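[1] Sharing a sequence plus its predicted fold:
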Amino acid sequence: MSRWYAIPPENYLEMMRDWKTHMIIAPHLLNSKTYQDFYITNAENLHCLLDNGLWEGYVVSNSKLLKMADYCLAEEIIAPDHVSGAITAGRTKRFIEYLKQNGQRNNFKIHGAVHGSKFSEARKCLLELVKFGVDIISMPKMLGQKWRLCFAEYIQEKHPEIPVHYLGYYKEELPLLEKTNNLVRSFDTSVPFKPRYGEKFDLHLPYTLRNRIIISSRVSKWKKLYK
């Protein structure tokens, strides 16, 4: 069974206090006092993965990303990336070097995110990330199901010591994620926190009776499934 990293809206954080694995999006932590208060209070009891916020349109400096990781006691960090495979490789390499220079390389598990608009570009990015010594390979949803599965199988065969994480998921991938296997260690999603499927994630989703009933039911099911 793959591990679920939850991405809750700020008004539903308390609902996830008893859930170990959280994904924290950098701009959410920067812009929400509620997020800051919750994670500084509860971080010691959680396993947090800090995402740099590329998907949300943010570019966070290495120093600021490291400060946020220390703030929320993140155990894993998705290194700065880009939709370009070559730029992603360069940013990831520089981030790892920055951690080494600051004596903090061993303080975190570093995710290298695979990017590329062409298969050859994405494959080259993957190989570069492995060469740089990332601890975990992350597969963005934009790669598509076939490429993600192909790269995950490659990692399992050639580098079984490196776990794979799916950034988001496709509905068709759920059978794979719910299966007992070593192919995909974990994935993240905010889907259970959306009152209507298909809606965009809303950090400030109101805590109304209707929303609470719907989300509480969904979250309860996900907790049982991915416990």
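    The structure has been received and is ready for your questions. If you're wondering where the values come from, they're calculated on a predicted model, not measured in any experiment.
[2] pull the helix or strand with minimum mean pLDDT from this structure.
    For the chain, the helix or strand with the lowest mean confidence is helix 174-177, at a mean of 87 (criterion: mean pLDDT, DSSP states H and E).
[3] what's the following helix or strand after it?
    Downstream of helix 174-177, the next assigned helix or strand under DSSP states H and E is strand 186-189.
[4] Could you give the number of residues near residue 81?
    Residues near residue 81, counting by other CB atoms under 10 Å, number 27. C-beta here means a position set from N, CA and C on the backbone, and glycine is covered the same way.
[5] and residue 4, what are its bridge partners?
    For residue 4, the beta-bridge partners are residue 187 (DSSP bridges).
[6] can you list contacts of stretch 81-100?
    52, 54, 62-63, 65-66, 79-80, 105, 107-108, 110, 112-117, 121-122, 124-125, 128-129, 132-134, 142 (CB atoms under 8 Å, 6 or more residues apart in numbering).
[7] In strands only, show me these.
    Counting by DSSP state E, the contacts of stretch 81-100 place 110, 112, 113 in strands.
[8] ok, the residues you listed vs residue 190, which is closest?
    Ranked by distance to residue 190 (CB to CB), these are led by residue 113 at 17.7 Å.
[9] Surely that closest one and residue 143 touch.
    No: Residue 113 sits out of contact with residue 143 when judged by CB atoms under 8 Å, with a separation of 9.5 Å.
[10] from memory residue 69 sits against residue 78, does it?
    No: applying CB under 8 Å, one finds residue 69 not in contact with residue 78, separated by 10.4 Å.
[11] so what sits against both of the two?
    residue 50.
[12] residue contacts, residue 36?
    Per CB under 8 Å, 6+ apart, neighbours of residue 36: 29, 71.
[13] if I've got this straight, it is in a helix?
    Yes: remark: residue 36 belongs to a helix, assigned using DSSP: H, G, I helix; E, B strand; the rest coil.
[14] Low-confidence ranges, this protein, go.
    Low-confidence regions of the chain, defined by pLDDT under 70, span residues 180-181.
[15] same thing but at 50, please
    Low-confidence segments of the chain (pLDDT under 50): none present.
[16] Relative to the helix or strand hosting residue 138, what are the paired strands and their orientations?
    Element membership for residue 138 (DSSP H and E) is strand 136-140. Applying DSSP bridges, strand 136-140 is found paired with strand 109-113 (parallel), strand 164-167 (parallel).
[17] Could you export those strands to CSV, including columns for mean neighbour count?
    CSV is the format used below for the strands paired with strand 136-140 (neighbours: other CB atoms under 10 Å):
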stretch, mean neighbour count
strand 109-113, 24
strand 164-167, 25
